[in-house]
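S.K.: Structure for the following, please:
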Amino acid sequence: MSAPAAPAAPAAPAAPAAPGGAPAPGSNLSATSLYCGDLDPSCTEAQLYELFSTIGPVVSIRVCRDLITRRSLGYAYVNFQQGNDAARAIDALNFQVVNGKPIRIMYSQRDPALRKSGVGNIFIKNLDKEIDNKALYDTFAQFGNIVSAKVATDLQGQSKGYGFVQFDTEEGAQSAIEKVNGMLLNDKQVYVGPFQKRNERGGGPTTFNNVYVKNLHESVTEEKLREVFEKFGALTSVVVMKDAEGKSKGFGFVCYEDAEAAGKSVEELDGYDKIEDKAWVVCRAQKKSEREAELKAKFDAERRERMEKMAGANLYIKNLEDTVDDAKLRELFAEFGTITSCRVMRDTAGASRGSAFVAFSSADEATRAVTEMNGKMAGQKPLYVALAQRKEDRRLRLQAQFAQRQVAAGGMPNMGPYGMPPPGAPMYYGQPPPGVMGPPQPQPGYGFQPGMPPGVPGRPMGPGGPNMQYVMPMPQRGPPGQRGRGGRGGPGGGRGGRGQQGMRFPNQGREMPPAPLPPGEPQDPVSLLAAQLPTATPDQQRMLLGEALYPLVDAVEPASSAKITGMLLEMDHSEVLHLIESPEALRAKVQEALAVLKAAAAEEGN
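M.R.: This next block holds a predicted model:
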């Protein structure tokens, strides 16, 4: 009767778990140290002492444990006073059940060269699931003195269908291979061969013994499969995989003795369709990890090819109104060229996320669309249009931008993900970190009215005249009674504990903040800010927008207000103005930024 083949090559996928071997022949009576493996994690020295002391006087017992967690490693060493007691313990207690698991006993072999030599070690596969360590030991004991016998099991303790037996001599191993290979154990034909180390095995893309066959009709039996494949060479096992009801799953495995025969069968039978008019797929049997690695490499290559093909032609659009769908988005961008794909991003409930991707057939069309559509009003919102970037590329670009800005301001470019300081690091918004000199020119900060530099109408001058040093006070947060403490409202009440004395800048010959609006111009905050931005330098623009945006963000998410404000200031100015005047849009953006910060913190934690 045919029997299933394990999807691995005849060589063992792993060395036996036993760390020990037998002493040299004839020296067993002098060996007193035993290795006891396959222990349950709850097994203690006291339990082992109670068990082994029934054989004879025990000198010591040690359960090996992890140095840090102190959890059992699953094995122990037992030392007897006399070698005769150690030998009797192996005969009487081997495979004894302790705490629900049969233990495995052998002589302790401290010489690693002997343990790793593999002498006398054989590999058995296609074992029936009912065969355990003791049954395997009893089966092969007739061929010589067995040092160790072990059936490989999964995490649930179920047999994986293969195992290892180690003899104290190479002659015993060879005798077992000659007598048992190809025989039936529990009505299943087993393969028995010499154990091979992982680096000595075949199994590469051109050397393999095990063949995978799929797309089998349910009428194809193991006998039919053997009949088709055995013409290419001698088979060690054939199996058609079946479900719990005994119905074919449509695939199976065929294992050859010779790798050349296995390769020839793949070449000849791939696409075979003489049985029930179904074309078979015949290929080398692979482990799950190998298949996943190949598929991942294939998908990554396809993705890179797709990204290279679409480089410069894919656009990212955000700040869309909720009513914009794929059709309306395509209509907005259709005039710039041939659109190959167009999609508005939506959440699980189907609501628009306010962002989308549009891909053109060429980079020139995409560039023209960016030039024309970035900042253009679509309904009541200005669009943000830019070339789409991979998440990793965008993160690196933002990190570089923040690092350059930090260096230009005299700070240290110690940035975390997305250009933000690492989690837990303080954020000094609107001022340099303590101990770092700020830029030489005066800039508006918290407590300094925008557009009202010293000496302008509406703000009295001090006695020092126009060349005096003026004071830029720090923000005073929290009740007056709590000012002067650390943290928020710390010394002087400012973030970062700068102190109430503020920062002093001499204004003689320096660049001044934007001039105030003339009388009669609109004086609401957003209009005032929008009118000041065109005449301000980039640094001043950022500071003006930050002054207006920061209190609003702090009211929504005080725990991360500084970091989120810095992230939002990377947006287009028109978008920031829209956030300042729209509480709903601001809350949505704050939640998006908070999600990005949490994801970045999770990545660093991994």
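
S.K.: buried set for stretch 82-98?
M.R.: Using 16 or more other Cβ atoms under 10 Å as the test for burial, stretch 82-98 gives Gly83, Asp85, Ala86, Ala87, Ala89, Ile90, Leu93, Asn94, Phe95, Gln96, Val98. Heads up, the C-betas are built off the backbone N, CA and C, glycines and all.

S.K.: for the fourth one, helix, strand, or coil?
M.R.: Assigned state for Ala87: helix (three-state reduction, DSSP: H, G, I helix; E, B strand; the rest coil).

S.K.: And it, how close does it get to Gly172?
M.R.: To Gly172, Ala87 is 18 Å away according to Cβ to Cβ, to the nearest Å.

S.K.: can I see the domain layout of the chain?
M.R.: 28-200, 210-286, 308-388, 389-435+521-606 (automatic domain parsing).

S.K.: Just the mean pLDDT for the last one, thanks.
M.R.: Meaning domain 389-435+521-606. What domain 389-435+521-606 shows for mean pLDDT is 73.

S.K.: and what of the second one?
M.R.: The predicted model assigns domain 210-286 a mean pLDDT of 86.

S.K.: same question, the first one
M.R.: When pLDDT is averaged over domain 28-200, the result is 86.

S.K.: now, which of the buried residues of stretch 82-98 sits nearest Leu269?
M.R.: Set against Leu269, the nearest of the buried residues of stretch 82-98 by Cβ to Cβ is Phe95 (43.7 Å).

S.K.: Adjacent strands (with direction) for the helix or strand harbouring Gly193?
M.R.: Here Gly193, judged by DSSP states H and E, is contained in strand 191-194. Here strand 191-194 is paired, per DSSP bridges, with strand 121-125 (antiparallel).

S.K.: Could you look up the next helix or strand downstream of the partner strand?
M.R.: Next in sequence after strand 121-125, counting helices and strands by DSSP H and E, comes helix 133-140.

S.K.: Which other helices and strands does whichever helix or strand comes after that following helix contact?
M.R.: Scanning forward in sequence from helix 133-140 by DSSP H and E, the next helix or strand is strand 146-153. Secondary-structure packing of strand 146-153 (3 or more Cβ pairs under 8 Å, 6 or more residues apart in numbering; DSSP states H and E): strand 104-107, helix 133-140, strand 159-167.

S.K.: tilt between strand 146-153 and strand 159-167?
M.R.: Angle of strand 146-153 versus strand 159-167, following axes from the mean of the first three to the mean of the last three Cα atoms, to 10 degrees, is 170 degrees.

S.K.: What segments of the stretch 451-600 of the chain are helices?
M.R.: Secondary structure of the stretch 451-600 of the chain (DSSP state H, counting those that start in this stretch): helices located at 525-532, 538-556, 561-568, 573-581, 583-605.

S.K.: residues in contact with Leu577?
M.R.: The contact partners of Leu577, by Cβ atoms under 8 Å, 6 or more residues apart in numbering, come to Val526, Leu529, Ala530, Leu545.

S.K.: if I look at the closest residue to Ile90 other than its chain neighbours, how far off is Ala92?
M.R.: In space, and not counting its chain neighbours, Ile90 is closest to Ile105: 5.2 Å by Cβ to Cβ, 6 or more residues apart in numbering. For Ile105, the distance to Ala92 equals 9 Å [Cβ to Cβ].

S.K.: So what's the gap between stretch 547-556 and the chain middle?
M.R.: Averaged C-alpha coordinates place stretch 547-556 at 35 Å from its chain's average position (Cα atoms, centre = their mean, to the nearest Å).

S.K.: ah, wrong one, I meant stretch 354-371
M.R.: When C-alpha coordinates are averaged (Cα atoms, centre = their mean), stretch 354-371 and its chain have centres 32 Å apart.

S.K.: what residues does it touch?
M.R.: 310-322, 324, 329-330, 333, 336-345, 385-388, 588.

S.K.: ok, how many other residues are close to Asp66?
M.R.: If you count neighbours by other Cβ atoms under 10 Å, Asp66 ends up with 9.

S.K.: Could you do Met106 as well?
M.R.: 21.

S.K.: I'd say it and Tyr35 touch.
M.R.: Yes: with contact taken as Cβ atoms under 8 Å, Met106 and Tyr35 are classed as touching, separated by 5.3 Å.

S.K.: Quickly note the distance from Arg104 to Glu130.
M.R.: 18 Å.

S.K.: now do Ala548
M.R.: Look at Ala548 and Glu130: by Cβ to Cβ, they are 76 Å apart.

S.K.: Val358 too?
M.R.: Separation of Val358 from Glu130 (Cβ to Cβ) stands at 62 Å.

S.K.: More neighbours: which of the two?
M.R.: Ranked by neighbour count (other Cβ under 10 Å), Val358 and Glu130 place Val358 first, with 27 against 10.

S.K.: Okay, buried residues for the strand or helix carrying the more buried one please.
M.R.: Using DSSP H and E, Val358 falls within strand 352-360. Using 16+ other Cβ under 10 Å as the test for burial, strand 352-360 gives Ser352, Gly354, Ser355, Ala356, Val358, Ala359, Phe360.

S.K.: residues of stretch 236-244 that come out buried?
M.R.: Applying 16+ other Cβ under 10 Å to stretch 236-244 flags Thr236, Ser237, Val238, Val239, Val240 as buried.

S.K.: phi, psi of the fourth one?
M.R.: To tie it back to what came earlier, the one meant is Val239. Main-chain torsions, Val239, degrees, to the nearest 10: phi -150, psi 140.

S.K.: Would you agree it is in contact with Phe253?
M.R.: Yes: in this structure Val239 lies within contact range of Phe253 using Cβ under 8 Å: 5.3 Å.

S.K.: thought Leu329 was touching Val344?
M.R.: Yes: counting by Cβ under 8 Å, Leu329 does reach Val344; the two are 5.8 Å apart.

S.K.: Quick check: neighbours shared by those two?
M.R.: In contact with both Leu329 and Val344: Leu320, Ala356, using Cβ under 8 Å, 6+ apart.

S.K.: and the buried residues of stretch 236-244, which two are the farthest apart?
M.R.: Thr236 and Val240 (15.7 Å).

S.K.: So Cys64 belongs to a strand, correct?
M.R.: Yes: Cys64: assigned to a strand according to three-state DSSP.

S.K.: Quick check: the gap between it and Asp393.
M.R.: Distance, Cys64 to Asp393, using Cβ to Cβ: 49 Å.

S.K.: How about Val590?
M.R.: The gap separating Val590 from Asp393 is 25 Å, by Cβ to Cβ.

S.K.: Tell me which of the two has more neighbours.
M.R.: Val590 (22 against 10).

S.K.: Can you verify my assumption that the more buried one contacts Pro558?
M.R.: No: look at Val590 against Pro558 with Cβ under 8 Å: they stay out of range, at 10.9 Å.

S.K.: re the thing from before, which of the contacts of Leu577 are buried?
M.R.: Buried among those (16+ other Cβ under 10 Å): Leu529, Ala530, Leu545.

S.K.: for the closest residue to the last one other than its chain neighbours, what are its contacts?
M.R.: Counting by Cβ to Cβ, 6+ apart, Leu545 lies nearest to Val576, which is 5.0 Å off, once chain neighbours are set aside. Under the criterion of Cβ under 8 Å, 6+ apart, the contact partners of Val576 comprise Leu545, Leu549, Leu568, Leu569.

S.K.: In TSV: the buried ones among the contacts of Leu577, plus distance to Leu216.
M.R.: Output for the buried ones among the contacts of Leu577, formatted as TSV (distance: Cβ to Cβ, whole Å):
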residue	distance to Leu216
Leu529	72
Ala530	72
Leu545	67
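
S.K.: Distance to Leu295 for the domains of the chain - can I get that in JSON lines?
M.R.: Listed next are the domains of the chain as JSON lines, based on distance: least, Cβ to Cβ, whole Å:
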{"stretch": "domain 28-200", "distance to Leu295": "23"}
{"stretch": "domain 210-286", "distance to Leu295": "11"}
{"stretch": "domain 308-388", "distance to Leu295": "20"}
{"stretch": "domain 389-435+521-606", "distance to Leu295": "21"}
